[in-house]
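Q: Mind looking at a prediction? Sequence and model below.
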Amino acid sequence: MYKQTVHLRQIFAMILTAGFFILLSCQERSLNIYVSPVGLDSNDGTENSPYKSIEKAILHINSLDIGTGESVNIFLREGIYAVDSTIEIENQQNARISISAYNDEEVMLSGGLKIETDAFQPLTDSSIIKRIIDQNIRGNILKADLKALGIDDYGVLRQHGFSTAILPAPMELFVNGEPMTIARFPNQGKMSVSEVIKDCSRAIDRDFSFEPGIIGYDSDRPDLWTSAKDIWIWGYFRAGFADDNLGIRDIDTVNNAIHLNHAHMFGMMATDTTDEWGGRIVGYQAYNLLEEIDQPGEYYIDRDKGILYLYPPKDFTKSEIILSNTEDPLIAIENSKNITFTGIKIGHGRGMGVYFENSDSILFDRCTFKNLGTVAAMFGKGVSGIDYPIHEFTGELTSRTIGNLKAHVYENTGFFNHAGTNCGIINSKIYNTGTGAVILSGGKRSDLIPGNNFVENCEIYNFNRWNKTYCAGITLYG
């Protein structure tokens, strides 16, 4: 009887031990998937037969029966990955997924289009040459026929600034990783508003008729812009905390008057250097002007003909040239958890880099976000509904959008935008973004649920290339 009892105990111990190792084996099992710009999506995703696209690697994961706690490693080999539509990671709830640069190789997810320097030719069209005001630099201007290169979406210039919806930027030009400048005048400082001939309607008073204003000028410079189309002015038109971008409808050179296409939220006033609160800061730069190309790095896109004009920067023939193209988020992570991105560069989109929604424990570590039209990252839904200047309103919560979130929050202080929990960006670099750098939301106020989303130990600089006010490096909501 004693011997039988010992035998049963030994069997029971062996079963427990075997079960433990089976469980341990399941927990530690991992799958490696390889992706390379020179791979093929018809390959099998192994190291010697990598896929070409991240999307294919995601589809591979979706096809597997993955248990909770198992891990999948997607290794990205060196190179540029063109992102012409959003990389979508949705409903990944089981495996722990790592997406990283293989052995710290340089990996770039790019929403841009690369063109070669030989696409640029000297400017020879006399009708164009004579429009360029600075005669001394006319021989330096190059042109590229984008339409002939198959590029025909140049984006649109829109009113943007204080209390206006944050929308994707138009096509931008980047040379050697730096944004070039849309041709403007003046290059530094501002032109004065000599008088307000006709004030615009004031959205702050809830007058949304938006009858545009007319401003006067006391310089002869606007007289040289009468051949230009789609001219815009950026500046401050009353309050020093509210910049705006207004389109020009017409320039009346007889009466020195600029007729505008858009109204400024607070109405307009003339420049007055003795007025410490308002008039001292009032003034503007005019931009999107072929006529005003006069410095290396300035450019102009003729959207009707599809021609890019550029005063090239130094050593241009050796340069990398990229045009921003993709308007949607480059990466969208929705209803997922336990995903880490490591050592990846993300940029050259007209909109945002990364979008988070209803997800948990998503981490970007040692990544670089650069040259983006809006923000590097957006946590939770934005709003749609109104794109003109407005101080407060109730919009419709919309995925993968920023919109006029600031005005929506004024009227809905307890809003919940499904930003997820425990998601963040750490040890990363963010620069050359258009409208702030990160919109960080989280938590649900009505139920006192914390979000615990974070940005930690990141270097953020050169943001607000498009919007200059009320767009912080990190904007907090929730």
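A: Good, I have the coordinates.
Q: Residue 346: neighbour count?
A: 30 (other CB atoms under 10 Å). Glycine gets a C-beta too; all of them are placed from N, C-alpha and C.
Q: Am I right that it is in a strand?
A: Yes - note on residue 346: a strand contains this position according to DSSP: H, G, I helix; E, B strand; the rest coil.
Q: Pretty sure it sits against residue 109.
A: Yes - Residue 346 is within contact range of residue 109, at 4.9 Å (criterion: CB atoms under 8 Å).
Q: Pull up the overlap in contacts between the two.
A: 330-331 (CB atoms under 8 Å, 6 or more residues apart in numbering).
Q: Contact partners for residue 200?
A: 210-213, 260, 262-264, 267-268.
Q: mind running it again at 10 Å?
A: 207, 209-215, 237, 246, 260, 262-268 (CB atoms under 10 Å, 6 or more residues apart in numbering).
Q: Repeat that for residue 132.
A: Contacts of residue 132 by CB under 10 Å, 6+ apart are 123, 138, 140-141, 183, 289-294, 300, 309, 311.
Q: same question, residue 212
A: Counting by CB under 10 Å, 6+ apart, residue 212 touches 198-201, 246-249, 259-264, 268.
Q: Generate a ChimeraX selection restricted to the buried subset of the residues you listed.
A: Entered in ChimeraX, the line below selects the buried ones among the contacts of residue 212, by 16 or more other CB atoms under 10 Å:
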select :199,200,201,246,247,248,260,262,263,264,268
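Q: So which of the contacts of residue 212 belong to strands?
A: 198, 246-249, 259-260 (DSSP state E).
Q: and the residues you listed as JSON lines, adding pLDDT?
A: Output for those, formatted as JSON lines (pLDDT from 0 to 100):
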{"residue": "198", "pLDDT": "95"}
{"residue": "246", "pLDDT": "97"}
{"residue": "247", "pLDDT": "97"}
{"residue": "248", "pLDDT": "98"}
{"residue": "249", "pLDDT": "97"}
{"residue": "259", "pLDDT": "98"}
{"residue": "260", "pLDDT": "97"}
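Q: export those to TSV and tack on distance to residue 145?
A: Output for those, formatted as TSV (distance: CB to CB, whole Å):
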residue	distance to residue 145
198	41
246	31
247	26
248	27
249	29
259	33
260	32
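Q: out of the residues you listed, who's nearest residue 453?
A: residue 246 (35.6 Å; CB to CB).
Q: how close does the closest one sit to residue 380?
A: According to CB to CB, to the nearest Å, residue 246 stands 31 Å off from residue 380.
Q: Likewise for residue 54?
A: Applying CB to CB to residue 54 and residue 380 gives a distance of 23 Å.
Q: now swap in residue 127 and tell me
A: For residue 127, the distance to residue 380 equals 50 Å [CB to CB].
Q: now residue 230
A: Distance from residue 230 to residue 380, by CB to CB: 34 Å.
Q: higher neighbour count, these two?
A: residue 380 (27 against 15).
Q: thinking the more buried one is in contact with residue 409, fair?
A: No - here residue 380 lies out of contact with residue 409, judged by CB atoms under 10 Å, at a distance of 11.7 Å.
Q: any shared contact partners between these two?
A: 415, 417, 441, 477-478.
Q: Which member of those residues is positioned nearest residue 153?
A: residue 417 (29.2 Å).
Q: May I have the residues that are in contact with the closest residue to the closest one other than its chain neighbours?
A: Excluding the flanking residues, the one nearest residue 417 by CB to CB, 6 or more residues apart in numbering is residue 380, at 3.6 Å. Neighbouring residues of residue 380 by CB under 10 Å, 6+ apart: 355-358, 397, 399, 405, 415-420, 423, 439-443, 451, 453, 477-478.
Q: Thanks a lot, see you next time.
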